[in-house]
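Peer 1: Got a sequence here, can you model it:
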Amino acid sequence: MTTISRSALLPYSADQIFELINDVGAYPQFMDGCVGAEVLSESDDAMVARLDLSRAGVRQSFTTRNALQRPLEIKLELVDGPFESFAGRWTLLALNEQACKVSLFLSFTLNSSVLSAAARQLFNGAANSMVDAMVKRAKVVYG
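Peer 2: Alright, predicted model coming up:
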């Protein structure tokens, strides 16, 4: 099982960062290894979305159901993909009106019978870089 826990302090509101995280369709513009994203369904408190990841000739897709609790949390639950298990959670803690702490927790086990070592590196690399990608995106979008 791979467990990833990352956080960052940002000079932006929790609302602003929540909106960046929830803008799944924009992920290919700024997230390393993400070559496609599609929102399959969306409501005020949930989203189902598919991400397509690619690196070094290896391409994999997975779909999650995201439970939205604005602007505090997004819980990720696997719908489809090459995982034996998958759990994820973005949390946002407002420090004041113009600052927040963003955290990402991911825990997953890849289906070892299907995936090569290159595919494992693809998922591990993408998961590890997600918070950094959000920090950089916030600077571009919000200055």
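Peer 1: can we go C-alpha only for contacts and neighbour counts from here?
Peer 2: Fine.
Peer 1: Kindly format the C-alpha coordinates of the biggest strand by length in the chain as PDB.
Peer 2: Ranked by number of residues, the top strand in the chain under DSSP state E is strand 83-96. Provided in PDB are the C-alpha atoms of strand 83-96 (Å, rounded to 0.1, in the frame of the first residue of the first chain):
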ATOM      1  CA  PHE A  83      -6.500  -0.200  -7.900                       C
ATOM      2  CA  GLU A  84      -7.100  -2.900  -5.400                       C
ATOM      3  CA  SER A  85      -7.900  -0.200  -2.900                       C
ATOM      4  CA  PHE A  86      -8.000   3.600  -3.000                       C
ATOM      5  CA  ALA A  87      -9.000   6.400  -0.600                       C
ATOM      6  CA  GLY A  88      -8.200  10.100  -0.800                       C
ATOM      7  CA  ARG A  89      -9.000  13.300   0.900                       C
ATOM      8  CA  TRP A  90      -8.200  17.000   0.300                       C
ATOM      9  CA  THR A  91      -8.700  19.200   3.400                       C
ATOM     10  CA  LEU A  92      -8.600  22.900   3.700                       C
ATOM     11  CA  LEU A  93      -8.100  24.800   6.900                       C
ATOM     12  CA  ALA A  94      -8.800  28.600   6.800                       C
ATOM     13  CA  LEU A  95      -6.000  30.400   8.800                       C
ATOM     14  CA  ASN A  96      -7.600  33.800   8.100                       C
END
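Peer 1: Which positions within it qualify as buried?
Peer 2: Within strand 83-96, the residues that count as buried by 16 or more other C-alpha atoms under 10 Å are 83, 86, 88, 89, 90, 91, 92, 93, 94.
Peer 1: so the third one sits right up against residue 127, yeah?
Peer 2: No. Taking C-alpha atoms under 8 Å as the definition, residue 88 is not a contact partner of residue 127, at 10.2 Å.
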